[in-house]
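Visitor: coords please:
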Amino acid sequence: MRQAVSRSLKTPLAWSLLLALTAGSAFTSAQTTAGHNFFMPGRRSPAGGTAQTGAQVPNVAGPTWNPDFAVTNDEDSYAIRNWHTGVYDPGSNRLIVFGGEDANSVIHNDLLVLTQANGNGGPYAGQWSDLIVGFPAPPPRYSHTAVYDQTNNRMIVFGGCADVACFIPLNDTWVLSDANGVGGAPAWTLLSPSGSLPAARSNHEAIYDAANNRMIVFGGYGTTQPLSDVWALTNANGLGGTPTWIQLSPAAGPPDSLDGSSVVYDAANNIATVFGGWCVNSAWTLSNANGLGGTPAWTNLVPNGAAGSPGCRSSHSAVYDSASNRMVIYGGNSGLGLDNPDFDFVAYGDVWVLSNANGLGGSPAWTQLHPKGFQPVARIGHIASYDPVGNHMTVFGGFSIEGTFGSTWILYDANGL
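Guide: Residues are numbered from 1 along each chain as shown. This is a model prediction of the structure:
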């Protein structure tokens with residue numbers, strides 16, 4: 001498992017107990033999904049190879065969950081993943097998934113693409129497929145980060161774990177050109193940035209400043225301990241000059257928790273908002289987050305333990321609606337039960353919205369949403385993307401004590417407005 005599940009699971013006894021517990025449940029989950037369309041990661045398309053298109057997006061009012069039954073024409077595209085990454089290309093309406101672990105704890109470095117990823121075409125309109133990329137390619141990994149340059153159709157991957165126990169964290173940076181698989185053959189390039197490199201890490205967070213072509217990396221877990229540093233990579237997409245790592249020195253801070261948190265980015269105001277982590281429920285902002293325009297500074301937006309906040313959590317997901325200045329979080333690990341003899345954990349399945357999420361324009365306030373419709377199984381280690389035009393959040397993969405998931409879910413009216 002991951003540091004985000006429990007830092008105490010580094011001991012061989014803890015590992016053997018938890019792996020024995022989850023391996024059996026993961027096997028059960030994988031068997032179950034193979035026999036029921038409802039939880040299948042992708043339905044085989046009908047004869048002729050075309051997806052069902054009769055069902056359209058549900059007519060919903062207010063936050064509503066709906067499962068997505070994307071088809072697949074390729075057995076390799078049946079994805080069951082956790083601790084993977086995913087980036088969303090709104091231009092092609094595609095979700096690009098990289099790496100992660102499957103239900104058998106096999107680490108991957110493949111690429112999967114989901115079309116019609118925002119759910120607008122209805123539950124049967126999307127299709128999973130593999131992106132075929134030749135050599136070179138990044139080593140398999142999980143608990144890494146990925147950001148997306150929509151203008152140049154490039155995905156940037158940094159760090160992660162190279163082995164199941166994460167005794168070998170990474171600090172390499174790779175760029176995937178033609179990342180959405182449209183208009184050209186995707187290709188990986190290993191960047192060779194100048195300057196000192198950030199320490200190898202996993203369970204960190206990353207954002208992308210498209211206007212200045214900078215990727216900003218925060219925190220995570222190193223070889224033996226959490227990391228509190230902030231780094232900016234210039235020319236991050238591999239274009240425009242030699243990429244260079246620059247360590248930022250923010251005033252105040254750092255946040256209460258340094259690994260397993262979530263982050264969203266307000267590009268217009270150059271403010272990153274960080275929530276949660278192991279195991280707190282505070283919210284912090286980082287001004288001048290890209291290292292330009294002034295000294296970056298941490299501000300505690302919502303104190304840890306504040307009344308009305310979501311429960312403490314790590315390894316959840318978060319998306320940002322810039323139009324309403326709202327951060328939406330889903331799921332995560334509560335950290336409960338980790339010291340018990342069974343080394344169990346408790347996953348959340350709740351949805352919360354933080355208004356005034358960048359700390360500007362009013363007092364931040366948390367509101368729990370209570371979506372209608374079928375509900376996803378509570379999970380951690382999943383990914384989420386956001387379509388700001390339709391106000392839809394797409395969730396894929398993850399796991400709980402019941403096993404690893406390959407299901408895709410759409411939350412309509414995700415910002416609660």
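Visitor: wait, Ile156 sits on Arg214?
Guide: No: the criterion here is Cβ atoms under 8 Å, and Ile156 misses it with Arg214 at 10.4 Å. Just so you know, the C-beta spots here come from the backbone N, C-alpha and C atoms, and that holds for glycine as well.
Visitor: Which neighbours do those two have in common?
Guide: Taking Cβ atoms under 8 Å, 6 or more residues apart in numbering as the contact rule, the neighbours common to Ile156 and Arg214 are 208, 236.
Visitor: So between these two, which is more surrounded?
Guide: Ile156 (25 against 22; other Cβ atoms under 10 Å).
Visitor: Val264 versus the more buried one, what's the distance?
Guide: Computed with Cβ to Cβ, to the nearest Å, the distance linking Ile156 and Val264 is 17 Å.
Visitor: just Val106 next, same as before
Guide: Relative to Val264, Val106 is positioned 31 Å away (Cβ to Cβ).
Visitor: Repeat that for Pro63.
Guide: If you measure Pro63 against Val264 using Cβ to Cβ, the figure is 18 Å.
Visitor: what do you get for Leu233?
Guide: 19 Å.
Visitor: All the helices of the chain, in order from the start?
Guide: Read by DSSP state H, the chain holds these helices, from start to end of the chain: 12-35.
Visitor: Tyr412 and Asn118 touch, don't they?
Guide: No: using Cβ under 8 Å, Tyr412 is not in contact with Asn118; the gap is 9.6 Å.
Visitor: burial measure for the residue nearest to Asp110 when sequence neighbours are not counted, as a count.
Guide: Of all residues beyond its chain neighbours, the one nearest Asp110 is Asp130 (6.6 Å), with distances taken as Cβ to Cβ, 6 or more residues apart in numbering. Other residues within reach of Asp130 by the criterion other Cβ under 10 Å amount to 16.
Visitor: can you tell me how far Asp130 sits from Ser407?
Guide: Going from Asp130 to Ser407 by Cβ to Cβ gives 19 Å.
Visitor: what do you get for Ile329?
Guide: Computed with Cβ to Cβ, the distance linking Ile329 and Ser407 is 19 Å.
Visitor: Over to Trp278?
Guide: With distances taken as Cβ to Cβ, Trp278 is found 26 Å from Ser407.
Visitor: repeat for Val182
Guide: With distances defined as Cβ to Cβ, the gap from Val182 to Ser407 amounts to 25 Å.
Visitor: ok, which stretches of the stretch 51-200 of the chain are strands?
Guide: All strands of the stretch 51-200 of the chain, identified by DSSP state E, counting those that start in this stretch, fall at 64-68, 71-72, 85-89, 94-101, 107-114, 127-131, 145-149, 154-161, 169-177, 187-190.
Visitor: Please find the angle between the direction vectors of the first one and strand 107-114.
Guide: Read it as strand 64-68. Regarding strand 64-68 and strand 107-114, their directions subtend 110 degrees when assessed with axes from the mean of the first three to the mean of the last three Cα atoms, to 10 degrees.
Visitor: Could you say which one of the strands of the stretch 51-200 of the chain comes nearest to Ile380?
Guide: Ile380 sits nearest to strand 94-101 of all these, at 12.5 Å, using Cβ to Cβ.
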